[in-house]
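J.: Model the structure of this input:
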Amino acid sequence: QVQLVESGGGLVQAGGSLRLSCAASGRSFSSYTMGWFRQAPGKEREFVASITWSGSITYYTNYADSVKGRFTTSRDNAWNTVYLQMNRLKPDDTAVYYCATNRGIGGSRSSDYDYWGQGTQVTVSS
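T.: Got it, this is the predicted structure:
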């Protein structure tokens with residue numbers, strides 16, 4: 001049973017930082033893609049970032065244009081955990097953030113991912 005649990009959300013002022021964590025359980029995720037999505041009220045769920053195994057010892061990352069240069073995703077396979085470091089936060093970043101995983105195929109569409117966490121709320125005040 002694959003389970004993803006996000007944590008680290010909260011309320012922060014514009015310009016501040018937060019680090020989200022996503023703890024995965026149920027199998028080894030070292031070769032799996034880990035993705036981050038977000039959904040603001042009244043809007044579609046959108047891709048934020050992903051980190052995918054390259055097939056050797058490295059991973060490559062992909063970011064939405066709206067967060068490029070401000071957000072960084074990383075992973076610690078020893079702890080089956082992926083992180084999303086969010087800097088220079090803006091009110092437009094306010095959303096519920098979800099982590100998701102698939103079998104290493106990458107992707108930026110919700111339909112590319114098989115398992116999802118329950119989400120964590122991020123609120124950025126102006």
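J.: looking at the sheet around Tyr63, what are its partners?
T.: Ala49 (DSSP bridges).
J.: Count the residues that sit near it.
T.: 18 (other C-beta atoms under 10 Å). Backbone N, C-alpha and C define where each C-beta goes, glycine included.
J.: List the contacts of Ser108.
T.: 35, 47, 50, 62, 64 (C-beta atoms under 8 Å, 6 or more residues apart in numbering).
J.: Give me the buried entries from those residues.
T.: 35, 47, 50, 62, 64 (16 or more other C-beta atoms under 10 Å).
J.: Thr72 should be in a helix, yeah?
T.: No: Thr72 is assigned strand when assessed by DSSP: H, G, I helix; E, B strand; the rest coil, not a helix.
J.: Hmm, it is touching Gln85, no?
T.: Yes: the criterion here is C-beta atoms under 8 Å, and Thr72 meets it with Gln85 at 4.6 Å.
J.: Please name the nearest non-neighbouring residue to the residue nearest in space to the middle of the chain.
T.: Nearest residue to the geometric centre of the chain (C-alpha atoms, centre = their mean): Trp36, 2.5 Å. Residue nearest to Trp36 in three dimensions, not counting chain neighbours: Val48, with 4.2 Å by C-beta to C-beta, 6 or more residues apart in numbering.
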